[in-house]
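Trainee: model this:
(6 chains)
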There are 4 protein chains.
Amino acid sequence: MRTKNNNKRTALLNSTLALVNERGFQAAPMSEIAKNAGVSPATIYLFFKNKEDMINTLYVELKANLGINAFKEYKVGMPVKEGFELIWNNIARYRLKEPNESAFLTQCDNTPMINEKSRLEGTEYLRPLFDLWQRGQSEGIIKPLSLYLIYAYTLTPFSFLMQSQKRKKYSLNTENLKHAFEAGWDAIKV
Amino acid sequence: MRTKNNNKRTALLNSTLALVNERGFQAAPMSEIAKNAGVSPATIYLFFKNKEDMINTLYVELKANLGINAFKEYKVGMPVKEGFELIWNNIARYRLKEPNESAFLTQCDNTPMINEKSRLEGTEYLRPLFDLWQRGQSEGIIKPLSLYLIYAYTLTPFSFLMQSQKRKKYSLNTENLKHAFEAGWDAIKV
Amino acid sequence: MRTKNNNKRTALLNSTLALVNERGFQAAPMSEIAKNAGVSPATIYLFFKNKEDMINTLYVELKANLGINAFKEYKVGMPVKEGFELIWNNIARYRLKEPNESAFLTQCDNTPMINEKSRLEGTEYLRPLFDLWQRGQSEGIIKPLSLYLIYAYTLTPFSFLMQSQKRKKYSLNTENLKHAFEAGWDAIKV
Amino acid sequence: MRTKNNNKRTALLNSTLALVNERGFQAAPMSEIAKNAGVSPATIYLFFKNKEDMINTLYVELKANLGINAFKEYKVGMPVKEGFELIWNNIARYRLKEPNESAFLTQCDNTPMINEKSRLEGTEYLRPLFDLWQRGQSEGIIKPLSLYLIYAYTLTPFSFLMQSQKRKKYSLNTENLKHAFEAGWDAIKV
DNA sequence: TATGAATGAGATTTCATTCAT
DNA sequence: TATGAATGAAATCTCATTCAT
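Mentor: Residues are numbered from 1 along each chain as shown, chains lettered A, B, ... in the order given. This is a model prediction of the structure:
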């Protein structure tokens, strides 16, 4: 008996990521995903129930990955601003290092292909950040508004800036990263 | 008859808008778009070259519509903050009134289906806002940063908030609208 | 606009009939059914919802056809035996003339592919025969047993005999037809 | 180990029987047959050359089983009618006790999946019955017609009655069994 | 012997687009 | 202009069978 080869699973997810980014969901056929992964189309269905399942799985795993990277060197007791800056920069660095993963997640944010369950699961990986914001609010450092608004004004703009960079309209260099963080901070600080 | 034409064209664009929002690009077949518009599939091709063209056309027209609404009552000479607040509120009001158009545009922001030409054309409709921001910068009221950053931190968060509202996580009521505008303004003001 | 071509529908049903008879349900692919009908695979779905629907439709139409042939020259008031003999011979003649239709119906009798609705609908086309049997029973000519038994011992043996003939084991010539009818009649007559 | 082998083989044949009855040939995949038998798909091919072989083997074994049961307590010299009644009742009892085997055999009667060789082999198991009928003919008790006709009018109706019972249209209780036998006997007796 | 992984070939069905009127 | 029929190409997914252990 052969043992199930997890490399194939990984290859499939990578292949999906690349193709969806390049062409969009509607133009990423299973056959090509398989081919690029060096695998038979039938093999996909050993790992995933169907296309939707594969996309959702990929989404959740990338969110998990983002979460892991976001909290590197972060300690729960840190001063609020310092902690947030660390996390924000971690996220930024990770997204810049993995532009495909980043773009995929952005694309997912607005497609009905991702179901509510995956979305919720994905969100959980940023839980410590939400906790930090709440502490900031109780310490009177961050505006006492919905965390959705805090999220909207600190993290979502980054997706737009990455797109702009991809289209050569903007550069996320060190200086601009600092400006971006500050803009977000100014938006939410008391 | 020009009128009859335009009714069908309009019906088709509306039908597209509705179906894409409901199911996503990948699940909005031409036949169904036609059916919902009360028109034959073949008729689509009298007005549009192909599906991509139809989507792009819709995108540009919605952007134009957004532009028209954005600048209602706006006068070029207005004080910067006052002018920006007016425009921002116009946009917010319009998007809240037309959530489908709004969601469609958001979905378009991240799909390879929209080509560069349409994107540029779409952007042009907000030109007066960019001019206003630039004046704000030269008057020392707005941070002297890339307009992409200014855009990112004042307008893109709204998409996320609308999504959140759709998912019942957040409410864009009068008070929260004020908070949202302020957050954006705090992000970019000097 | 082209008008819907019912020849294609007929060609498809004929093609299905032939292929299913030759190879069985499980080996009659839609693509080949289409090809043999001189039509694109997609065209099938203009006329039928799916494969199951096509098979069931064919089944019901063949049953209807059988019914039409069964009652040629039959008049409701006829003497029971005379009427039954007429109908039985009509059916026999029809099945011998259309061995493919006959074999298809026999194949259908034992497959879960045919749903209950189609089965009931198919049965209805022999209603006048059932009525005749019932009259025979009330006249004391036919055994007062379930019509299912009457049917079993007069009509189903014919399927077996046709198969046997196909396999060159038996010949349904005029004389044997007479014997067959008599065997059935002996089985059910009082 | 021979024993272990045979358990798996038996489990596979039982699993096939059950699944084919439930869904039909076209919807009984090897993987599921294996799973229901608690065995790997690959194991099937240790016992059978391929799917067709497995089905045919099952068919022949069930026919053998039917034969064994048919002639319980039968002695070759018995009076013709008495002997036939014994055999007929044996078959009926067996089929009622094993409705799945019975239904499978009925389904096989009309599918091209069963090849000529298996059919012939299957028939052989009823040889003593054919001999009995022939004796009956030479004794002038049974009509001097083809054994195919005799078979058709005594045994095949039973399949239809069993189906009818399965669909709750008919009940094969003791009384109706007697009626059924008599109908068959009336059909063939001189 | 026995397995679960793996697959190539192919099944059904869909869809953007064109045809014929 | 407008249509519904028609389709070729392709999409998703399945399945009998083989592989590697």
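Trainee: longest helix anywhere in chain A?
Mentor: Looking across chain A with DSSP state H, the single longest helix is helix A:51-70.
Trainee: what is the subsequent helix or strand relative to it?
Mentor: Next in sequence after helix A:51-70, counting helices and strands by DSSP states H and E, comes helix A:80-97.
Trainee: next, the angle helix A:51-70 makes with that next one.
Mentor: On the basis of axes from the mean of the first three to the mean of the last three CA atoms, to 10 degrees, helix A:80-97 is oriented at 130 degrees to helix A:51-70.
Trainee: touching chain B at all, helix A:80-97?
Mentor: No: figure legend: helix A:80-97 not in contact with chain B (CB under 8 Å from any CB of the partner chain); closest approach 13.0 Å. (Each C-beta comes from the backbone N, C-alpha and C, glycine too.)
Trainee: enumerate the positions of that helix that are buried.
Mentor: Neighbour counts over helix A:80-97 (16 or more other CB atoms under 10 Å in any protein chain shown) mark A:80, A:83-88, A:90-92, A:94-95 as buried.
Trainee: give me the contact list for stretch A:139-146.
Mentor: A:80-81, A:133, A:136-137, A:150, A:188-190, B:170, B:176, B:179, B:183 (CB atoms under 8 Å, 6 or more residues apart in numbering or on different chains).
Trainee: let's have those residues in CSV, adding distance to DNA strand F.
Mentor: As requested, those are arranged in CSV below (distance: CB to the nearest atom of the strand, whole Å):
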residue, distance to DNA strand F
A:80, 45
A:81, 46
A:133, 39
A:136, 44
A:137, 44
A:150, 37
A:188, 41
A:189, 46
A:190, 49
B:170, 33
B:176, 40
B:179, 42
B:183, 40
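Trainee: which one of these is nearest to residue D:65?
Mentor: residue B:170 (69.5 Å; CB to CB).
Trainee: re the thing from before, what about DNA strand E: which of the contacts of stretch A:139-146 touch it?
Mentor: Applying CB under 7 Å from any atom of the strand, the subset of the contacts of stretch A:139-146 adjacent to DNA strand E is empty.
Trainee: list buried residues within these.
Mentor: A:80, A:133, A:136-137, A:150, A:188, B:170, B:176, B:179, B:183.
Trainee: need the residues you listed in a markdown table (columns: secondary structure and distance to residue C:119).
Mentor: Output for the buried ones among the contacts of stretch A:139-146, formatted as a markdown table (DSSP: H, G, I helix; E, B strand; the rest coil; distance: CB to CB, whole Å):
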| residue | secondary structure | distance to residue C:119 |
| --- | --- | --- |
| A:80 | helix | 73 |
| A:133 | helix | 65 |
| A:136 | helix | 70 |
| A:137 | helix | 68 |
| A:150 | helix | 64 |
| A:188 | helix | 69 |
| B:170 | coil | 55 |
| B:176 | helix | 62 |
| B:179 | helix | 66 |
| B:183 | helix | 67 |
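Trainee: and these, which is closest to DNA strand E?
Mentor: residue B:170 (32.8 Å; CB to the nearest atom of the strand).
Trainee: can you give the domain ranges for chain A?
Mentor: Following automatic domain parsing, one finds the domains of chain A at A:1-47, A:51-188.
Trainee: so which of those domains comes closest to residue C:122?
Mentor: Across those, closest to residue C:122 is domain A:1-47 (CB to CB), at 37.6 Å.
Trainee: so that closest one, near chain B or not?
Mentor: Yes: Domain A:1-47 lies within reach of chain B by CB under 8 Å from any CB, at A:22-27.
Trainee: mean neighbour count, the domains of chain A: which tops it?
Mentor: Stretch with highest mean neighbour count among the domains of chain A: domain A:51-188 (a mean of 18; mean count of other CB atoms under 10 Å in any protein chain shown).
Trainee: of all the buried residues of helix A:80-97, which two lie farthest apart?
Mentor: Going by CB to CB, the pair spanning the buried residues of helix A:80-97 furthest: A:80 and A:95, at 22.3 Å.
Trainee: could the buried residues of helix A:80-97 go into TSV alongside pLDDT?
Mentor: Formatted as TSV, these follow (pLDDT from 0 to 100):
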residue	pLDDT
A:80	98
A:83	98
A:84	98
A:85	98
A:86	98
A:87	98
A:88	98
A:90	98
A:91	98
A:92	98
A:94	97
A:95	98
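Trainee: now, among the residues you listed, which is nearest to DNA strand E?
Mentor: So of the buried residues of helix A:80-97, ranked by how close each gets to DNA strand E (CB to the nearest atom of the strand), first place is residue A:94, at 29.7 Å.
Trainee: any idea which residue of chain A lies closest to chain D?
Mentor: residue A:1 (8.3 Å; CB to the nearest CB).
Trainee: quick one: which helix or strand includes whichever residue of chain A sits closest to chain C?
Mentor: Going by CB to the nearest CB, chain C is nearest to residue A:31 of chain A, at 17.5 Å. Counting by DSSP H and E, the element that carries residue A:31 is helix A:30-36.
Trainee: what about the very next helix or strand once past that helix, near chain D?
Mentor: Later in the chain than helix A:30-36, the nearest helix or strand by DSSP H and E is helix A:41-47. No: residues of helix A:41-47 are not located near chain D by CB under 8 Å from any CB, the shortest gap being 11.6 Å.
Trainee: for helix A:41-47, packing partners?
Mentor: Applying 3 or more CB pairs under 8 Å, 6 or more residues apart in numbering or on different chains; DSSP states H and E, one finds that helix A:41-47 makes contact with helix A:6-23, helix A:30-36.
Trainee: of those, give the one that comes closest to residue B:11.
Mentor: helix A:6-23 (29.5 Å).
Trainee: check whether the closest one contacts DNA strand F.
Mentor: No: remark: helix A:6-23 sits outside contact range of DNA strand F, by CB under 7 Å from any atom of the strand, the gap being at least 9.9 Å.
Trainee: over to residue A:142: give its phi and psi.
Mentor: The phi/psi pair for residue A:142 (degrees, to the nearest 10) reads phi -110, psi 140.
Trainee: how close does it sit to residue A:135?
Mentor: 9 Å (CB to CB, to the nearest Å).
Trainee: and for these two, which residues touch both?
Mentor: In contact with both residue A:142 and residue A:135: residue A:80, using CB under 8 Å, 6+ apart.
Trainee: other residues contacting stretch A:20-37?
Mentor: Residues contacting stretch A:20-37 (CB under 8 Å, 6+ apart): A:8, A:11-12, A:14-16, A:18-19, A:40-41, A:43-44, A:51, A:55, A:100, A:103-104, A:107, A:111, A:113, B:24-26, B:111-113.
Trainee: go on, stretch A:85-101?
Mentor: A:17-18, A:21, A:62, A:65-66, A:69-74, A:78, A:102, A:128-129, A:132, A:154-155, A:158, A:162, A:166, A:172, A:177, A:180-181, A:184-185.
Trainee: in CSV, could you pull the C-alpha coordinates for that stretch?
Mentor: Presented in CSV, the C-alpha positions along stretch A:85-101 are these (Å, rounded to 0.1, in the frame of the first residue of the first chain):
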residue,chain,number,x,y,z
GLU,A,85,2.5,48.2,15.5
LEU,A,86,4.3,44.9,15.8
ILE,A,87,1.3,43.0,14.6
TRP,A,88,0.5,45.4,11.8
ASN,A,89,4.1,45.3,10.6
ASN,A,90,4.1,41.5,10.8
ILE,A,91,1.0,41.3,8.7
ALA,A,92,2.4,43.8,6.2
ARG,A,93,5.7,42.0,6.0
TYR,A,94,4.0,38.7,5.5
ARG,A,95,1.7,40.0,2.8
LEU,A,96,4.6,41.7,1.0
LYS,A,97,6.5,38.5,1.1
GLU,A,98,3.6,36.4,-0.1
PRO,A,99,1.8,38.6,-2.5
ASN,A,100,-0.1,35.7,-4.0
GLU,A,101,-1.5,34.5,-0.8
